[in-house]
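Novice: Turn this into a structure:
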Amino acid sequence: MTTDPAREAHGRHPDEALGLLLTTAHDRLVTAVRDRLSAGGGVPELRDPDLTLGRALAAVHRALGTSVALRLTGEADRDADDASAEHPGSLRAHGHPLADRVASVRIRYRGRALRTARSYDPGELMPALAGARRITGDVIELIGSDAADTRIPSSIRELERLLEEAEGLTEHDSAPADSTPEYLRAVERSLAVHAQLLQRAVRDAHQLLKEELVPVFAEPVGHLGSEMVTRDLADDLEQAWVKAHDLSRAVAVVEAVSNDFTGEDLRQVDLSGVSLAGVLWNASTVWPEAWESFVIRASAPEGTEPGVLVVTADPCDTAASADA
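Specialist: Below you'll find the model as predicted:
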């Protein structure tokens, strides 16, 4: 019985996963080439040498694609972590447009900015996309097998359900009201551009499934061309997966910009009615004189960066959101 290299690699460190996939690719290709040369023999389930080689290459292509995507995501995350470790205000140091906004504006509207970011968070979408990617890989493995006629129809129905759910989760009302402050419009734009690309990728995958893959498998005689179409769907889902991670990072940027006030001079900022819970600051942050003692009492070490504190609760019982 063959194993799925993508499943074996799931959950491993990207470097380890890539090594495992390359080893698996080598082993499968050796077996396939030997069968091709002998033209009969080898493992019983590898019946046709040409089909065997095609399936081996297709499986390795999908598995390597998954590993490379995970590797790129991991490297991007590590780069962001390294930059943050060098300087707690690294987002501002890198010149992100939102981070360049003055502190008085960012802190005044941070509550609404954070709510906007949470509304775009693709966290609920990820399980549906992950399930669709897994099932698509299973369908490719099943094509041409003895179990195809019994297992593929239920897999296609589950794919339809998952992609319909995923498409619904990508819908956003990204048209701010005319009265929305310009800074919050900028926050919305920074998220909407990624959300629209994700929505388009999911819609394309869903459309491909409905218009091409479902009709192919509905044919009563054979599944001619089904593997090619299914692999196209796998590629579309890979694109959607990458776009979802891009949106997740955009959400993280808004959250970081909304919370990080290390080194800022806030002396002239009116903090009345502003929720400060979750704000990061350090010894270089200058608070309004009337608020300094309250903020100090309500803060604790952030825990991951020396010298950085986090406001654990609103320092004033009478504070009420100014932008509710």
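
Novice: shaky segments in the protein?
Specialist: Within the chain, the ranges that satisfy pLDDT under 70 run 1-15, 17, 21, 25-26, 28-95, 174-175, 220-224, 315-324.

Novice: got the domain boundaries for it?
Specialist: 1-86, 110-258, 261-324 (automatic domain parsing).

Novice: Return the residues in contact with Asn259.
Specialist: 110, 114, 278-280 (CB atoms under 8 Å, 6 or more residues apart in numbering). For the C-beta atoms, the positions are set from N, CA and C on the backbone; glycine is no exception.

Novice: which of these lies closest to Thr23?
Specialist: Leu280 (43.7 Å; CB to CB).

Novice: If you drop the residues flanking it in sequence, what lies closest to the closest one?
Specialist: Excluding the flanking residues, the one nearest Leu280 by CB to CB, 6 or more residues apart in numbering is Asp260, at 5.0 Å.

Novice: The one you found contacts Thr285, doesn't it?
Specialist: No: using CB atoms under 8 Å, Asp260 is not in contact with Thr285, being 10.0 Å away.

Novice: higher neighbour count, those two?
Specialist: Asp260 (23 against 19; other CB atoms under 10 Å).

Novice: Can you show me the helices along this structure?
Specialist: Using DSSP state H, the helices of the chain run over 5-9, 14-38, 49-86, 90-93, 103-108, 110-120, 126-142, 148-169, 182-208, 214-218, 226-259, 289-297.

Novice: quick revisit: and the gap between the residue nearest to Leu280 and Pro301?
Specialist: Going from Asp260 to Pro301 by CB to CB, to the nearest Å gives 15 Å.

Novice: Also Arg134?
Specialist: 41 Å.

Novice: higher neighbour count, the two?
Specialist: Neighbours of Arg134 and Pro301, each counted by other CB under 10 Å, are more numerous for Arg134; the result is 17 against 11.

Novice: pretty sure Glu302 is touching Val311, no?
Specialist: No: in this structure Glu302 lies outside contact range of Val311 using CB under 8 Å: 10.0 Å.

Novice: Report the contact partners of Asn282.
Specialist: 88, 262-263, 307-309.

Novice: Pull out the buried residues from those residues.
Specialist: Applying 16 or more other CB atoms under 10 Å to the contacts of Asn282, the neighbour count classes 88, 262-263, 308-309 as buried.

Novice: And those, which is closest to Lys243?
Specialist: Relative to Lys243, the closest of these is Pro88; by CB to CB it sits at 29.0 Å.

Novice: from memory Ala283 sits against Gly307, does it?
Specialist: Yes: between Ala283 and Gly307 a contact is recorded at 6.3 Å, counting by CB under 8 Å.

Novice: Gly123 versus the closest residue to His96 other than its chain neighbours, what's the distance?
Specialist: Spatial nearest neighbour of His96, excluding adjacent residues (CB to CB, 6+ apart): Val253 at 6.1 Å. The gap separating Val253 from Gly123 is 16 Å, by CB to CB.

Novice: who has more neighbours, these two?
Specialist: Taking other CB under 10 Å, Val253 and Gly123 do not tie; Val253 has more neighbours (20 against 11).

Novice: so the more buried one touches Tyr120, yeah?
Specialist: No: assessed by CB under 8 Å, Val253 is found out of contact with Tyr120, at 11.3 Å.

Novice: Identify all contacting residues around stretch 157-177.
Specialist: By CB under 8 Å, 6+ apart, stretch 157-177 touches 119-120, 122, 124-125, 128-129, 131-132, 135-136, 139, 184-185, 188, 191-192, 195-196, 198-199, 202-203, 205-206, 209-210, 213-214, 240.

Novice: May I have it exported as PDB, CA atoms only?
Specialist: Provided in PDB are the C-alpha atoms of stretch 157-177 (Å, rounded to 0.1, in the frame of the first residue of the first chain):
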ATOM      1  CA  ARG A 157     -20.200  16.000  -2.800                       C
ATOM      2  CA  GLU A 158     -18.000  16.900   0.200                       C
ATOM      3  CA  LEU A 159     -15.900  19.200  -2.000                       C
ATOM      4  CA  GLU A 160     -19.100  21.000  -3.100                       C
ATOM      5  CA  ARG A 161     -20.100  21.500   0.500                       C
ATOM      6  CA  LEU A 162     -16.700  22.800   1.600                       C
ATOM      7  CA  LEU A 163     -16.200  25.200  -1.300                       C
ATOM      8  CA  GLU A 164     -19.700  26.600  -1.000                       C
ATOM      9  CA  GLU A 165     -19.000  27.200   2.700                       C
ATOM     10  CA  ALA A 166     -15.600  28.700   1.900                       C
ATOM     11  CA  GLU A 167     -17.100  31.100  -0.700                       C
ATOM     12  CA  GLY A 168     -19.600  32.300   1.800                       C
ATOM     13  CA  LEU A 169     -16.900  33.000   4.400                       C
ATOM     14  CA  THR A 170     -15.000  35.200   1.900                       C
ATOM     15  CA  GLU A 171     -17.900  37.700   1.500                       C
ATOM     16  CA  HIS A 172     -17.200  41.100   2.900                       C
ATOM     17  CA  ASP A 173     -19.000  44.400   2.900                       C
ATOM     18  CA  SER A 174     -15.900  46.500   2.200                       C
ATOM     19  CA  ALA A 175     -17.700  49.800   1.400                       C
ATOM     20  CA  PRO A 176     -17.100  52.100   4.400                       C
ATOM     21  CA  ALA A 177     -19.700  54.800   5.100                       C
END
